[in-house]
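J.: return a 3D structure for these sequence lines:
(one chain, ligands or ions: 1)
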Amino acid sequence: MNRNDISAYWDAKAEALKTDPSATMKDVILRSLEIEAIGRRLRTDDDLLDVGGGNAFAGIQWAQHCRTVHVVDFSEKMVAYGREAVAAAGAANVQTERGSVLELENFAGRFSAVSCIRVLINLPEREEQLRGLDQLAACVAPGGRLFLIEGLEEPFAAMNAMRKTMDLPAIPLDWHNRLLPRQALEQRLERELKIEERVDFGEYYFLSRVLHPLLVAPEEPTFQGRCNQEARRLWQAGVAQGRFADISTLVLYVCSRPK
Ligand SMILES: C[S@@+](CC[C@H](N)C(=O)[O-])C[C@H]1O[C@@H](n2cnc3c(N)ncnc32)[C@H](O)[C@@H]1O
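T.: Here you go, the predicted model:
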């Protein structure tokens, strides 16, 4: 896993899928939950910096909940298709530009809200992932919040252990991803920010990654299958909130910087 290969991978994804939401995540229902979880927490006077925002699909939706959205991504093609999507949506309060999560110095202290979804997992070295966290934290203005969704090692292993118990094969990690250990992530966040909330998607993982494949075997589950759609409704209703948190690979950290 090296940076050039990862950049080429995202350029190719953008070229293939253009402005489609699946360009940055195959499971578009899980992606919609991420977007909703952050959208619900934005304020109308927020200026949001979305780092690694891909083709701006999420940014365009969040722009309806806040004042401005500035999307940064290191894939030239993602940025180009992001611009196209912004123009097509007529989203006058969204801008996109090329940039790296490791070089955010120009944005330091300027944003009341900063988001970053599944981007640090694309950095090959642990030290770089932690430096990326520092860069994100530094962009948050006093009184502002960081919305961070990254993949964690422990729940990913727990989900695969559950699958194994049910005679399902382990889900392999994509070659371009490196999950973070929970403790290292949280300790680094807490150097600068306060963790206010941890929002999990555990019930969605349980239903889509464990129950769904069992129900449709020997067929393969599809990302937009009925079970996943009902799992989305269940997450939205909050009826099993937190009960499967230990298998939620993705977690939303809502962090604040004191005034
Ligand atoms: C898994 S996608 C996530 C995209 C988007 N945040 C979403 O919610 O779907 C990872 C994105 O991060 C971008 N990326 C990877 N490494 C990056 C880096 N070092 N700096 C900025 N963007 C990066 C990729 O180009 C890609 O668009």
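
J.: does R233 count as helix, strand or coil?
T.: Of the three states, R233 takes helix according to DSSP: H, G, I helix; E, B strand; the rest coil.

J.: could you give the number of residues near it?
T.: Other residues lying near R233 total 9 when counted by other Cβ atoms under 10 Å. Glycine gets a C-beta too; all of them are placed from N, C-alpha and C.

J.: show residues contacting stretch 77-97.
T.: The set of residues external to stretch 77-97 that reach it, using Cβ atoms under 8 Å, 6 or more residues apart in numbering, is 10-15, 18-19, 23-24, 53-57, 59-60, 63, 67-73, 98.

J.: buried subset of those as a PyMOL selection?
T.: Those of the contacts of stretch 77-97 that count as buried under 16 or more other Cβ atoms under 10 Å are selected in PyMOL with:
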select buried, resi 10+11+13+14+19+23+24+53+54+55+56+57+59+60+63+68+69+70+71+72+73
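
J.: now, the contacts of stretch 77-97 that are in helices?
T.: W10, D11, A12, K13, A14, E15, F57, G59, I60 (DSSP state H).

J.: which residues touch the fourth one?
T.: With contacts taken as Cβ under 8 Å, 6+ apart, K13 has the following neighbours: A23, T24, M78.

J.: mind doing that once more with 7 Å?
T.: K13 makes contacts with A23, as judged by Cβ atoms under 7 Å, 6 or more residues apart in numbering.

J.: next one: the fifth one
T.: Counting by Cβ under 7 Å, 6+ apart, A14 touches A23, N55, S75, K77, M78, Y81.

J.: so what touches the helix or strand hosting F147?
T.: Using DSSP states H and E, F147 falls within strand 140-151. By Cβ under 7 Å, 6+ apart, the residues outside strand 140-151 that reach it are 34, 38, 41, 109-118, 120-121, 136-137, 177, 179-180, 185, 193, 249-259.

J.: tell me the strands beside it, with direction?
T.: Here strand 140-151 has these sheet partners by DSSP bridges: strand 111-117 (parallel), strand 250-256 (antiparallel).

J.: around the ligand, pick out the residues from this structure.
T.: Contacts of the chain with the ligand, taken as Cβ under 6 Å from any ligand atom, map to 6, 10, 24-25, 31, 52-54, 58, 73-75, 78, 100-102, 117-119, 122-123.

J.: mind doing that once more with 5 Å?
T.: Applying Cβ under 5 Å from any ligand atom, we find that the chain lies next to the ligand at 10, 24-25, 52, 54, 73-75, 78, 100-101, 117-119, 122.

J.: what segments of the stretch 51-200 of the chain are strands?
T.: 68-73, 94-98, 111-117, 140-151, 194-200 (DSSP state E, counting those that start in this stretch).

J.: just put those in a markdown table and tack on mean pLDDT.
T.: Below are the strands of the stretch 51-200 of the chain laid out as a markdown table (pLDDT from 0 to 100):
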| stretch | mean pLDDT |
| --- | --- |
| strand 68-73 | 98 |
| strand 94-98 | 98 |
| strand 111-117 | 98 |
| strand 140-151 | 98 |
| strand 194-200 | 98 |
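
J.: export these to TSV and tack on distance to S208?
T.: Converted to TSV, the strands of the stretch 51-200 of the chain look like this (distance: least, Cβ to Cβ, whole Å):
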stretch	distance to S208
strand 68-73	27
strand 94-98	30
strand 111-117	18
strand 140-151	15
strand 194-200	14
